[in-house]
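J.: Build me a model:
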Amino acid sequence: MEIKSARNDQTFYGIQALRAIAASMVVLVHCVYLWHTRILHQPDPSYWMSGAAGVDVFFVISGFVMTISLPAISQYENRARVFLMRRITRIVPLYWLAITLKVVLILLVPSVVLHPGLRWTHIVGSYLFLPARNSEGLIAPVIVQGWTLNYEMFFYVLFAFSLLFRFSSLRLVIGALSFLGALGFFHPLGSPLILVLISPLLFEFLYGVLIAQALTRKRMPGTRSSALLAIAGWVAILSLFPHLLQQSGDIQKWRFVLWGFPAASIVLGTVGLEPILAIKLPKWTFAAGNASYAVYLAQTFVLPVVGIVVSRMPVSRLTALALILLLGMSLSLLAGDLIHRWIELPILKWLKRVTVPGVSTLPGVGVGR
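T.: Sure thing, here's the model as predicted:
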């Protein structure tokens, strides 16, 4: 999505680049997981997890972008409907296509996927962005990384509801995210199913909302402080905090602190560095950010094939890891770019003509994705 501030019509190139990095991080961690499952045959490995924090970065970005775009939405009389329809048109079509293709592949070629079982409640829940148990009893959609989109859609619904109250929408968003996040923190997660969405992870959207407010009120840190914040966030995610997260005993419960705080620090620092990044960043980073949602979904179909091919090669374990990383990353990025250009953009352009006013032809932010 081309992100523009309401005050100066500025594109946030740093956020665009950050989206591309976050999507690549998720693909990278799935490549490592693929190596453990297909090559090392470890069904539940303790593997390198830092790449999964790309999701947390996406959540913070989503809160930031939805809030910074609020003035533009406010011009519409039925702004709640316009907002929600914009989000649906950007997120749903490509995701539903991916779910449908995955279901067809499971039915026709079950050996390609790691989790081949299907239940009709699981399929319906996946289409409706609702938590549902798969054939193995796990709460995960057909497109496994789609669990993040369940949170995204839940956040969009909360945001749309707040837009019904013209003079206090942000207060309602902040209050709802704070309450539901705290409720998820103190309530045993996972029972009942709907409480999977009432989670401390909602605090990460709140971080993005607060960063957008700081920008609007011109209370952002200076250039040097922004750089330090971004560096500190990356160091925390890539080094110390993954170990603390694994030792915490409840990853989802403490994730909003151990990965959420660093993700917020990275986004805050990136937004603060925007005057520099807008000049220094190459144009291809902007295009990579636009394709990040397609990359996030494309890996579902690329990585299993890469895993099967590499597992049949007479190579060492370390060579297999290198091949999976090289092929998995490059082919996922390439497939995502092609899907964005040939499928996603045509769909969005068509929807722009027939549905909601002002629908962008660029995909939404924060979908990890």
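J.: quick one: least confident helix or strand in this structure?
T.: Taking all helices and strands of the chain together, the one with the lowest average confidence (mean pLDDT, DSSP states H and E) is helix 241-247, at a mean of 57.
J.: Show me the shaky parts of the stretch 201-350 of the chain.
T.: Within the stretch 201-350 of the chain, the segments meeting pLDDT under 70 span 240-251.
J.: The stretch 1-150 of the chain too?
T.: Within the stretch 1-150 of the chain, the stretches falling below the threshold (pLDDT under 70) are 1-10, 43-47, 111-117.
J.: Show me where it has its helices.
T.: Across the stretch 1-150 of the chain, reading from the start of the chain, the helices by DSSP state H, counting those that start in this stretch fall at 13-34, 54-68, 70-73, 79-108, 120-127, 147-162.
J.: In TSV: those, plus distance to F185.
T.: No exception for glycine: its C-beta is placed from N, CA and C like everyone else's. Written out in TSV, the entries for the helices of the stretch 1-150 of the chain read as follows (distance: least, C-beta to C-beta, whole Å):
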stretch	distance to F185
helix 13-34	24
helix 54-68	16
helix 70-73	27
helix 79-108	26
helix 120-127	24
helix 147-162	15
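J.: JSON lines please, covering the ones you listed and showing mean neighbour count and distance to A291.
T.: Putting the helices of the stretch 1-150 of the chain into JSON lines (neighbours: other C-beta atoms under 10 Å; distance: least, C-beta to C-beta, whole Å) gives the following:
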{"stretch": "helix 13-34", "mean neighbour count": "24", "distance to A291": "8"}
{"stretch": "helix 54-68", "mean neighbour count": "28", "distance to A291": "14"}
{"stretch": "helix 70-73", "mean neighbour count": "16", "distance to A291": "23"}
{"stretch": "helix 79-108", "mean neighbour count": "18", "distance to A291": "11"}
{"stretch": "helix 120-127", "mean neighbour count": "17", "distance to A291": "23"}
{"stretch": "helix 147-162", "mean neighbour count": "22", "distance to A291": "17"}
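J.: Quick one: name whatever helix or strand follows the least confident helix or strand of the chain.
T.: helix 251-258 (DSSP states H and E).
J.: For that next one, which helices and strands make contact with it?
T.: Secondary-structure packing of helix 251-258 (3 or more C-beta pairs under 8 Å, 6 or more residues apart in numbering; DSSP states H and E): helix 241-247.
J.: so which of the helices of the stretch 1-150 of the chain gets nearest M329?
T.: Smallest distance to M329 across those (C-beta to C-beta): 5.9 Å, for helix 13-34.
J.: what's the helix or strand for the residue lying closest to L206 once chain neighbours are set aside?
T.: Of all residues not flanking L206 in the chain, L177 sits nearest, at 4.2 Å (C-beta to C-beta, 6 or more residues apart in numbering). When elements are defined using DSSP H and E, L177 is found to belong to helix 169-186.
J.: Buried residues, that helix. List them.
T.: Under the neighbour-count criterion of 16 or more other C-beta atoms under 10 Å, helix 169-186 has 169-170, 172-174, 176-177, 180-181, 184-185 buried.
J.: As JSON lines, the residues you listed with distance to R133 and pLDDT would be great.
T.: As requested, the buried residues of helix 169-186 are arranged in JSON lines below (distance: C-beta to C-beta, whole Å; pLDDT from 0 to 100):
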{"residue": "S169", "distance to R133": "35", "pLDDT": "85"}
{"residue": "L170", "distance to R133": "35", "pLDDT": "91"}
{"residue": "L172", "distance to R133": "32", "pLDDT": "93"}
{"residue": "V173", "distance to R133": "30", "pLDDT": "95"}
{"residue": "I174", "distance to R133": "32", "pLDDT": "96"}
{"residue": "A176", "distance to R133": "27", "pLDDT": "95"}
{"residue": "L177", "distance to R133": "26", "pLDDT": "96"}
{"residue": "L180", "distance to R133": "22", "pLDDT": "92"}
{"residue": "G181", "distance to R133": "24", "pLDDT": "93"}
{"residue": "G184", "distance to R133": "19", "pLDDT": "87"}
{"residue": "F185", "distance to R133": "23", "pLDDT": "88"}
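J.: and of these, the nearest to F58?
T.: In terms of C-beta to C-beta, no member of the buried residues of helix 169-186 lies closer to F58 than L177, at 15.8 Å.
J.: got a list of what that closest one touches?
T.: The contact partners of L177, by C-beta atoms under 8 Å, 6 or more residues apart in numbering, come to 155, 158, 202-203, 205-206, 209.
J.: So which of the residues you listed belong to helices?
T.: By the criterion of DSSP state H, membership of the contacts of L177 in helices covers 155, 158, 202-203, 205-206, 209.
J.: most neighbours, which of those?
T.: F205 (30 neighbours; other C-beta atoms under 10 Å).
J.: quick one: which of the helices of the stretch 1-150 of the chain is nearest L334?
T.: Comparing the helices of the stretch 1-150 of the chain by their distance to L334 (C-beta to C-beta), the top pick is helix 13-34, with 11.5 Å.
J.: Name the nearest residue to A287, sequence neighbours excluded.
T.: Ranked by C-beta to C-beta, 6+ apart and with sequence neighbours excluded, the top spatial neighbour of A287 is D337, at 7.7 Å.
J.: before we move on, which element is that neighbour in?
T.: Residue-wise, D337 maps onto helix 317-339 under DSSP H and E.
J.: ok, back up a step: list the contacts of the residue nearest to A287.
T.: Contacts here follow C-beta under 8 Å, 6+ apart; on that basis D337 touches 287-288, 291, 294-295.
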